[in-house]
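Colleague: Could you work out the structure for the sequence below:
(2 chains)
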Amino acid sequence: MSRDNALPEDAGFSALENALTRAGGQFRQRAGGRPLPAFDFARLDAAPAMEAPSAETELPFNEPALRGVEKLFARAGQEIREAAALRASAYFRPLASRRGAHGRIGFRGDGASFRQNRDPRRREAALARRTRTSRRRPRSAFARVGMGTPGRGACFSGFGSRVAGDALAGIRPEALCLAPGLQRLGAGWRSRCWLDAAGGRARADLGLSPSGLADLGFA
Amino acid sequence: VEVERSLAEAFVRGERAALGELYERVGPLTRNYLWMLTRDPELADDLVQEVFCMAFRDRQKLRDPERVVPWILRIARSIGYTELRRRHRRQEITFDDDEESGSALSNILADDSPQSNPFELLANDERGLHLRQAMDQLRPKERELVAMIYFLDMKQREAAEALDITVGSVGTTLRRALEKMKAHLEQAGLSWEELQ
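Modeller: Prediction:
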């Protein structure tokens, strides 16, 4: 064998190599008899259909301005997460302290107990207890973030979601859905078309032009 | 296959004449490699065009013009495997799950049916059949390497560059492959004189 590997000197290996070399030679002989078709230059000029999509084309934000918006949302998302975490830590207590009057974990979800307390002090106490004893946890609250219809605001319901809602107040729904990191908390990314449209709309809503974004240091 | 640096540089500059010449030089090896991979000579003829189209479009990615041949073979490998996967999806060929990227090749090369299979040359008599079976025992990467070295007559360095592994790894893998084949043939009771 002309190759530079060091196979043991062995009759078996020699025979094996000879057989493979012979078969390879026959293959090349047959392949050599099959002419290679001329290169089709017209195909070269055709659209590069087989080209793998690049990261640029994969991203919904495929222009500098939209990338600027993405950065803007990234910053907003960070603020949202920090605010939400802060509020969540204030609202939610360890499991041991979340036992209600009847020894059950949690509280009646309809809020009836504190509405029925007409005495302001008792109502206040019930409200405080309610905030302490909610069986909802931050995860379930955030799970609802981003579930809203585009342009109509995110859906918030239930006590836990209200915690998130407080934290997210004033943030545009597009931002809720686009903010990186939120999807890890349950705010799923919508379709690319949706995101693209949301990003474009958010940019319009914010009154940001590509040059304006550049001025803000985002582009 | 040797390609002058000047030709490769002209190719990188985007000269179509250089592309044509490169195709003439490297095209046969690329086609044979794709033939070996897909077992379909007509498909290989078609894919080789695609390989050179893609190479020309991505020519700026060629860092070292002296390594243009293995670079083209790597593109061919990628396109070949993509085609095999596509065919797999279409025809629902059974694939091994325990192998990584080589699973497609494993099955294609182990398939007995196509008449255009280059490995049928191994199986035109009982001796060849044993050899063929021995080859089928190999892991996909081993089989691909054996095919590159013996069927495409590539040097170990060329095979290493095309497979993006070290030359040392090629030597080790090749040796292991041949040892496996030898063990299989010994088990089959084939004498070395018969194999000769």
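Colleague: got the phi/psi numbers for A:Gly25?
Modeller: Here is the backbone geometry of A:Gly25 (degrees, to the nearest 10): phi -60, psi -40.
Colleague: How many residues are close by it?
Modeller: Neighbourhood size, A:Gly25 [other CB atoms under 10 Å in any protein chain shown]: 14. Every C-beta, even on glycine, is put in place using the N, C-alpha and C of the backbone.
Colleague: which residues of chain A score low on pLDDT?
Modeller: A:1-9, A:11, A:46-219 (pLDDT under 70).
Colleague: do the same with chain B
Modeller: Those would be B:88-127, B:191-196, if you go by pLDDT under 70 across chain B.
Colleague: Centroid-nearest residue for it?
Modeller: B:Tyr33 (4.3 Å; CA atoms, centre = their mean).
Colleague: How about the contacts made by the closest residue to that residue other than its chain neighbours?
Modeller: Spatial nearest neighbour of B:Tyr33, excluding adjacent residues (CB to CB, 6 or more residues apart in numbering or on different chains): B:Ala76 at 5.6 Å. Neighbouring residues of B:Ala76 by CB atoms under 8 Å, 6 or more residues apart in numbering or on different chains: B:30, B:33-34, B:37, B:47-48, B:51.
Colleague: quick check, distance from the helix or strand harbouring B:Ala76 to the centre of its chain.
Modeller: Under the criterion of DSSP states H and E, B:Ala76 resides in helix B:68-91. Mean C-alpha position of helix B:68-91 versus that of the full chain (CA atoms, centre = their mean, to the nearest Å) differs by 10 Å.
Colleague: Give me the buried positions along it.
Modeller: Residues of helix B:68-91 classed as buried under the neighbour-count rule (16 or more other CB atoms under 10 Å in any protein chain shown) are B:68-77, B:79-81, B:83-84, B:87-88.
Colleague: give me the number of residues near B:Val12?
Modeller: Neighbour tally, B:Val12, other CB under 10 Å: 17.
Colleague: Check the spacing between the residue lying closest to it once chain neighbours are set aside and chain A real quick.
Modeller: Residue nearest to B:Val12 in three dimensions, not counting chain neighbours: B:Arg59, with 5.0 Å by CB to CB, 6+ apart. To chain A, B:Arg59 is 11 Å away according to CB to the nearest CB, to the nearest Å.
Colleague: residue contacts, B:Arg59?
Modeller: B:11-12, B:14.
Colleague: Out of those, which is nearest to chain A?
Modeller: B:Gly14 (10.8 Å; CB to the nearest CB).
Colleague: Could you check how far A:Arg30 is from chain B?
Modeller: 8 Å.
Colleague: Give me the nearest residue to B:Arg77, chain neighbours excluded.
Modeller: Closest to B:Arg77 by CB to CB, 6+ apart is B:Ala162, at 6.8 Å.
Colleague: Mind listing residues that contact the helix or strand where the one you found lies?
Modeller: Following DSSP H and E, one finds B:Ala162 within helix B:156-163. Outside helix B:156-163, the residues that touch it by CB under 8 Å, 6+ apart are A:3-5, B:67, B:69-70, B:73-74, B:77, B:141, B:144-145, B:148-149, B:154, B:166-167, B:169-171, B:174.
Colleague: B:Pro65 against B:Arg13, yeah?
Modeller: No. Contact between B:Pro65 and B:Arg13 fails when scored by CB atoms under 8 Å: they sit 10.1 Å apart.
Colleague: So those two - more neighbours on which side?
Modeller: Of the pair B:Pro65 and B:Arg13, B:Pro65 is the one with more neighbours under other CB under 10 Å, namely 18 against 9.
Colleague: Could you find the closest non-adjacent residue to the more buried one?
Modeller: B:Ala8 is the one closest to B:Pro65 (CB to CB, 6+ apart), at 3.5 Å.
Colleague: Is that neighbour in a helix, a strand, or coil?
Modeller: Secondary structure, DSSP: H, G, I helix; E, B strand; the rest coil: B:Ala8 is helix.
Colleague: what number of residues lie near it?
Modeller: 21.
Colleague: Repeat that for B:Gln60.
Modeller: So B:Gln60, with other CB under 10 Å, has 8 neighbours.
Colleague: gap between it and B:Phe11?
Modeller: As for B:Gln60, its distance to B:Phe11 is 11 Å (criterion: CB to CB, to the nearest Å).
Colleague: Check A:Asp40 too.
Modeller: Taking CB to CB, one finds A:Asp40 at 17 Å from B:Phe11.
Colleague: And for B:Gly189?
Modeller: The value you get for B:Gly189 to B:Phe11, if CB to CB is used, is 52 Å.
Colleague: Comparing these two, which residue is more hemmed in?
Modeller: B:Phe11 (26 against 8).
Colleague: The strand or helix carrying A:Ala15 - contacts with which helices or strands?
Modeller: Secondary structure from DSSP H and E places A:Ala15 in helix A:11-32. In terms of contacts (3 or more CB pairs under 8 Å, 6 or more residues apart in numbering or on different chains; DSSP states H and E), helix A:11-32 is packed against helix B:16-38, helix B:126-136, helix B:167-187, helix B:192-195.
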